[in-house]
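A.B. asks: Provided below for reference: sequence and predicted model.
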Amino acid sequence: MRARLAEYLTRLPAHASVLAGDPVAGTAPTGSSFTLQLQSAGVVPRFLALVIIHIIESCLVIAGWVFVGSGALSGRLDTGWLVAWALCLASVVPVRFASRWLEGVIAIGVGGLLKQRLLAGAMAIDADVARRRGVGELLGEVLETEAIDRLATSGGVETVLAALEVLIAMVVLGWGASAVVEIALLAMWCAIAVVWVTRNTRRRLAWTTCRLDLTHRLVERMIAHRTRVAQQPPREWHDEEDVEHERYLDESASLDRSTACLEAALPRVYLIAALAALAASLLSGTGTITQQAITLGAVLFAAAGFQRLTFGLVQGAAAWIAWRRVRPIFDAAAQPVLEGCGVPCPSNAPKVFQAEDVTFTHPGRAEPAVKGCTLVVERGDRVLIEGESGSGKSTFASLVGGVRTPSAGVILAGGLDRSTLGETAWRRRVAVAPQYHDNHILSAPIGFNLLLGRPHPRTSQDLEEAGEVCEGLGLGPLLERMPAGLDQMVGETGWQLSHGERSRVFLARALLQRAELVVVDESLAALDPENLRQCLEYVFRRAGTLMLIAHP
């Protein structure tokens with residue numbers, strides 16, 4: 001999910017960097033209030049300018065309709081009315097150009113800020129929260145992050161401007177013929193639209209839930225494909241899928257009918273009803289020709305604005321549904337990042353790591369996974385932690401590595417806690433090779449995967465050291481087989497690594513961080529005895545202080 005969001009952010013246009021929260025431009029930090037970010041990026045004054053320009057554009061459009069209507073209703077269309085109409089149209093062109101330009105700038109700016117916020121949230125979200133969800137569910141949330149930017153920026157601006165047009169039309173209708181009837185008719189249709197949008201939103205929510213469930217199950221079944229091949233008869237593979245697809249088709253048809261009525265039928269029926277009311281006033285002789293022309297222009301303008309309003313409300317409802325899914329990622333960006341206080345930490349401290357009465361309880365659980373743990377690791381120690389499955393070994397490893405924060409107790413590295421050292425300094429002191437299912441090979445060169453914990457850009461010395469570590473862990477023959485060596489692409493779209501090769505890449509990644517304490521969490525279980533012996537010997541030589549977690 002995090003890699004997908006990173007790719008999503010890179011598609012932000014380069015000219016949007018200043019508006020979309022570029023720290024060089026002095027904008028608010030990513031984790032601050034989103035309203036403050038919008039103000040700091042200059043979105044608010046641009047939006048106010050857009051509203052003013054759109055009001056001017058609306059007045060010019062209505063004036064043009066009034067001039068044409070006055071000539072048509074009077075039975076003669078002289079040169080004066082045509083000139084006035086032409087001047088209004090000519091004036092609309094530059095005003096509309098400025099309005100569309102501001103709409104684009106605002107959409108790019110808000111979209112850029114939103115992408116940065118979601119990326120920061122994806123990097124800061126609690127690992128336990130992400131772990132409790134399946135791959136398919138996370139993929140669905142990533143897809144929703146792409147939808148919310150498109151819908152919230154374009155649909156939000158569209159809805160505000162359309163609502164402004166309807167409001168202006170109501171004001172102008174007050175100056176025309178049959179003002180009370182026309183205003184009441186427009187207000188009634190707006191109320192009907194709100195009720196219909198509410199119903200449409202419920203159907204869209206059910207459709208979105210069904211669609212994301214399909215995505216989740218599809219991904220999970222693709223992952224478990226080999227298990228299904230081995231244990232489930234082929235004739236039963238698609239029984240559940242057929243039922244789910246039927247339900248999805250029913251939800252889609254219901255949503256399409258509701259959306260078509262809202263976006264197409266409702267605005268057209270309003271236009272017919274409003275013109276019928278105007279025709280009744282013409283036949284009864286209510287109002288002057290000028291008032292009737294004003295009513296005609298306002299009705300036509302209101303019909304166009306009402307159609308844009310219904311479209312924008314549908315887009316806004318879809319954005320709200322997507323927002324419900326991605327809000328945890330958005331809110332996670334506001335979590336404070338431990339930057340450290342700049343306190344120097346002595347590199348020759350005898351106690352590399354300390355844990356004093358540490359307790360950790362997973363959210364939603366009553367019993368702690370780690371309870372009252374006390375441990376002191378001095379420089380050069382080799383510590384072995386054993387325990388049965390589910391005894392809290394990996395949870396303790398995540399506490400040591402700073403992935404989790406203890407519920408109680410104190411954890412120190414070199415005599416200082418994580419809030420004092422900061423995240424970066426803590427990573428320089430403690431490197432963890434997590435379990436296989438918590439570690440990943442990224443679709444990138446193997447050199448990138450090995451030096452993930454090193455500052456970028458990598459130097460030739462870094463690559464040379466990575467090759468030496470691979471040789472020490474028995475990965476030398478693998479690099480020799482790769483045509484591009486350390487530049488060879490690996491992962492899902494590149495060279496496929498075996499379980500044991502991946503485990504050694506994870507181990508090499510931790511060793512290359514040059515940390516004072518290296519924690520190896522069951523990363524050697526996939527190795528055969530010969531490779532296990534070679535890796536252990538090299539790890540003992542390479543790691544200054546080692547904590548090894550394994551089953552008894």
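C.D. replies: Looks like it arrived, so ask away. Numbering: from 1, shown residues only.
A.B. asks: Strands of this protein, residue ranges please.
C.D. replies: 351-360, 370-378, 382-386, 408-413, 430-433, 444-445, 489-490, 517-521, 545-550 (DSSP state E).
A.B. asks: how distant is the fifth one from the center of its chain?
C.D. replies: Which is strand 430-433. 28 Å (C-alpha atoms, centre = their mean, to the nearest Å).
A.B. asks: Flag the shaky bits of the chain, pLDDT-wise.
C.D. replies: Counting by pLDDT under 70, the ranges of the chain that qualify are 1-28, 30-31, 65, 69-78, 80-81, 126-136, 139, 149-155, 335-349.
A.B. asks: distance of the residue nearest the centre of the chain from Trp320?
C.D. replies: For the chain, the residue nearest the mean C-alpha position is Thr145 (3.6 Å; C-alpha atoms, centre = their mean). According to C-beta to C-beta, to the nearest Å, Thr145 stands 14 Å off from Trp320. For glycine as for every other residue, the C-beta is placed from the backbone atoms N, C-alpha and C.
A.B. asks: and what of Ala224?
C.D. replies: Counting by C-beta to C-beta, the gap from Ala224 to Trp320 is 33 Å.
A.B. asks: same question, Gly156
C.D. replies: Counting by C-beta to C-beta - Gly156 and Trp320 are separated by 10 Å.
A.B. asks: repeat for Ala508
C.D. replies: 46 Å.
A.B. asks: Looking at the two, which is more packed in?
C.D. replies: Ala508 (26 against 16; other C-beta atoms under 10 Å).
A.B. asks: what residues are up against that one?
C.D. replies: Ala508 makes contacts with Leu450, Ala466, Val469, Cys470, Leu473, Leu475, as judged by C-beta atoms under 8 Å, 6 or more residues apart in numbering.
A.B. asks: swap in Ala466?
C.D. replies: Gly447, Leu450, Leu451, Leu486, Ala508, Leu512.
A.B. asks: wait, doesn't the residue nearest to the centre of the chain sit right on Leu119?
C.D. replies: No. Counting by C-beta atoms under 8 Å, Leu119 is not a contact partner of Thr145; they are 9.2 Å apart.
A.B. asks: How is this structure divided into domains?
C.D. replies: For the chain, the domain assignment from automatic domain parsing gives the residue ranges 2-332, 351-550.
A.B. asks: Can you get me the start-to-end distance on the last one?
C.D. replies: Pointing back at domain 351-550 there. Using C-alpha to C-alpha, to the nearest Å, the end-to-end distance of domain 351-550 comes to 23 Å.
A.B. asks: what separates that domain from the chain centre, distance-wise?
C.D. replies: Taking mean C-alpha positions (C-alpha atoms, centre = their mean), domain 351-550 and its chain are 29 Å apart.
A.B. asks: Next: the first one.
C.D. replies: Domain 2-332 has its C-alpha centroid displaced from the chain centroid by 19 Å (C-alpha atoms, centre = their mean).
A.B. asks: picking that back up, among the strands of the chain, which is nearest Ile55?
C.D. replies: Closest approach to Ile55 among the strands of the chain is made by strand 444-445 (51.2 Å; C-beta to C-beta).
A.B. asks: Against Ser503, how distant is the nearest residue to Arg308 once chain neighbours are set aside?
C.D. replies: Nearest residue to Arg308 in three dimensions, chain neighbours excluded: Ala162, at 3.8 Å (C-beta to C-beta, 6 or more residues apart in numbering). Look at Ala162 and Ser503: by C-beta to C-beta, they are 57 Å apart.
A.B. asks: neighbour-wise, which of those two wins?
C.D. replies: Using other C-beta under 10 Å as the criterion, Ala162 and Ser503 rank with Ser503 on top: 25 against 21.
A.B. asks: give me every residue that touches that one.
C.D. replies: Tyr436, Ser523, Leu524, Ala525, Ala526, Leu527.
A.B. asks: Out of those residues, which two sit at the greatest distance?
C.D. replies: Spatially, the most separated pair among the contacts of Ser503 is Tyr436 and Leu527, at 11.5 Å (C-beta to C-beta).
A.B. asks: and the two? which has more neighbours close in?
C.D. replies: Taking other C-beta under 10 Å, Tyr436 and Leu527 do not tie; Leu527 has more neighbours (21 against 16).
A.B. asks: Could you report the distance from that one to Ile294?
C.D. replies: 85 Å.
A.B. asks: Please apply the same query to Glu471.
C.D. replies: In terms of C-beta to C-beta, Glu471 sits 86 Å off from Ile294.
A.B. asks: neighbour-wise, which of these two wins?
C.D. replies: Applying other C-beta under 10 Å to Glu471 and Ile294 shows that Ile294 carries more neighbours, namely 25 against 15.
A.B. asks: my guess is the more buried one contacts Gly176, does it?
C.D. replies: Yes. Counting by C-beta under 8 Å, Gly176 is a contact partner of Ile294 at 3.9 Å.
A.B. asks: What count of nearby residues applies to the closest residue to Ala304 other than its chain neighbours?
C.D. replies: Leaving aside its sequence neighbours, Ala304 sits nearest to Glu165 (C-beta to C-beta, 6+ apart; 7.4 Å). Neighbourhood size, Glu165 [other C-beta under 10 Å]: 23.
A.B. asks: for His551, same thing?
C.D. replies: Residues contacting His551 under the criterion other C-beta under 10 Å number 11.
A.B. asks: List the residues that contact it.
C.D. replies: Contacts of His551 by C-beta under 8 Å, 6+ apart are Glu386, Gly387, Glu388, Ser389, Glu522, Ala525.
A.B. asks: if we can go back for a sec, take the contacts of Ala466 and keep only those in helices.
C.D. replies: Gly447, Leu450, Ala508 (DSSP state H).
A.B. asks: how near is the first one to Pro363?
C.D. replies: Which is Gly447. 37 Å.
A.B. asks: Isn't Asn531 up against Gly474?
C.D. replies: Yes. Contact criterion C-beta under 8 Å: Asn531 and Gly474 qualify, at 5.3 Å.
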